[in-house]
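In: can't give you the sequence, but here's the structure:
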């Protein structure tokens, strides 16, 4: 039991995966720039409801991976918002089933509001939540109900920390039972019991591993009716820049207030995510390259916790100046225009 508990403790730190001022953006495209508070005064609410999806080990409101004060900010801007509540320790295929219920709920909520178009939803997903959204559309038949999927630091090509964690979990049914019992117990402390119970830690880690990513991406095809957008986080240990950051971000990185200083919780994991001396730019959990899917919007000076405003804080970060509330408000207000632009581009082609 001591051995199993030690593994679980390591995973609790190292496998909180999901799965790093202003948000960065393409310098050549003003429409991509994440604006200031003053800019947001002119923004308009989305015509479709918005579904926020948390990542691995997350919950709708009480875990360290929840969207801190984001739903309230979007609702204050006039958006119809549904915060998804999916299983924290299960494979993408199971989490997507939970997400389907939240999409249905978002559409129902929208029908009760004047001026809200319930025919489709916009999904904004952090970390592993982006994989859930893609699976929902591709495998569960929700392509006709989703207008767009925006992912923030989703490990579309896996994250190395999951592969390392899986090496510690030998293929042993007894050990799996112990770890699943522990994760279910832990999950009940921050989410609904029916979502926390019957955890499948191995399956969850396999869903976000680099080893299994090629097969997942080959099987989970994009739907041409859906607009796919992505952002990546960039954070640095002690705020020391990585010379590979700008290239990885394709010139769409402008940390005007300096580099983000990675949260100490993520520092031990970052070297694994970066593949050691390969120094792959990352946010402590997902590399920039792995985070790219669909139209890559750029990098933000934030680590994996900063991206959802955690640990709970208001206003810009001291290091890097990233303001997660401004970031999400700007994304939400631009979604209708992003879909319209993508549709127009397809028509031209």
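Out: Thanks, I have the structure now. None of these values were measured; they are calculated from a predicted model. Numbering: from 1, shown residues only.
In: what ranges do the strands span in the chain?
Out: Listed in chain order, the strands found in the chain under DSSP state E are 50-53, 81-83, 121-126, 146-152, 227-233, 295-300.
In: Show residues contacting the shortest one.
Out: Among residues not part of strand 81-83, those counted as contacts by Cβ atoms under 8 Å, 6 or more residues apart in numbering are 49-52, 54, 60-61, 67, 71, 74-75, 102-103, 105-106, 109, 121. Glycine gets a C-beta too; all of them are placed from N, C-alpha and C.
In: Next step: the residues you listed restricted to helices.
Out: Among the contacts of strand 81-83, the ones falling in helices (DSSP state H) are 71, 74, 75, 102, 103, 105, 106, 109.
In: From those, pick the one nearest residue 330.
Out: residue 74 (10.8 Å; Cβ to Cβ).
In: Run through the residues that contact the closest one.
Out: Residue 74 touches 50, 81, 328, 329, 332, counting by Cβ under 8 Å, 6+ apart.
In: quick one: which of those is most hemmed in?
Out: Counting neighbours by other Cβ atoms under 10 Å, residue 328 comes out on top of these with 29 neighbours.
In: I'd say it and residue 70 touch.
Out: Yes - in this structure, residue 328 is within contact of residue 70 by Cβ atoms under 8 Å, at 4.9 Å.
In: any idea where the helices of the stretch 101-250 of the chain begin and end?
Out: Per DSSP state H, counting those that start in this stretch, the stretch 101-250 of the chain carries helices over the ranges 129-139, 160-168, 173-187, 193-196, 201-207, 213-219, 245-248.
In: can you give me how far stretch 138-154 is from the chain middle?
Out: Between the centre of stretch 138-154 and the centre of its chain there are 13 Å (Cα atoms, centre = their mean, to the nearest Å).
In: can you pull the buried residues of that stretch?
Out: Of all the residues in stretch 138-154, those buried under the rule 16 or more other Cβ atoms under 10 Å are 138, 142-143, 145-154.
In: Also stretch 125-140?
Out: For stretch 125-140, by 16+ other Cβ under 10 Å, it's 125-138.
In: next one: stretch 69-83
Out: Buried-residue list, stretch 69-83, by 16+ other Cβ under 10 Å: 69, 70, 71, 73, 74, 77, 79, 80, 81, 82, 83.
In: what does stretch 177-185 give?
Out: 178, 179, 180, 182, 183, 184.
In: Please spell out which residues along stretch 195-209 are buried.
Out: In stretch 195-209, counting by 16+ other Cβ under 10 Å, buried: 195-196, 199-209.
In: ok, these vs residue 189, which is closest?
Out: residue 196 (8.3 Å).
In: contacting residues for the closest residue to that closest one other than its chain neighbours?
Out: With Cβ to Cβ, 6 or more residues apart in numbering as the criterion, residue 196 has its nearest non-adjacent residue at 3.0 Å, and that residue is residue 187. Taking Cβ under 8 Å, 6+ apart, we find residue 187 in contact with 57, 87, 88, 89, 195, 196, 197, 199.
In: now for the residues you listed, which pair is the farthest apart?
Out: 57 and 197 (15.1 Å).
In: Dump the buried residues of stretch 125-140 into TSV; add pLDDT and distance to residue 287 as well.
Out: Supplementary listing: these in TSV, determined by pLDDT from 0 to 100; distance: Cβ to Cβ, whole Å:
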residue	pLDDT	distance to residue 287
125	98	17
126	98	16
127	98	13
128	98	15
129	98	17
130	98	14
131	98	15
132	98	20
133	98	20
134	98	18
135	98	21
136	98	24
137	98	24
138	98	23
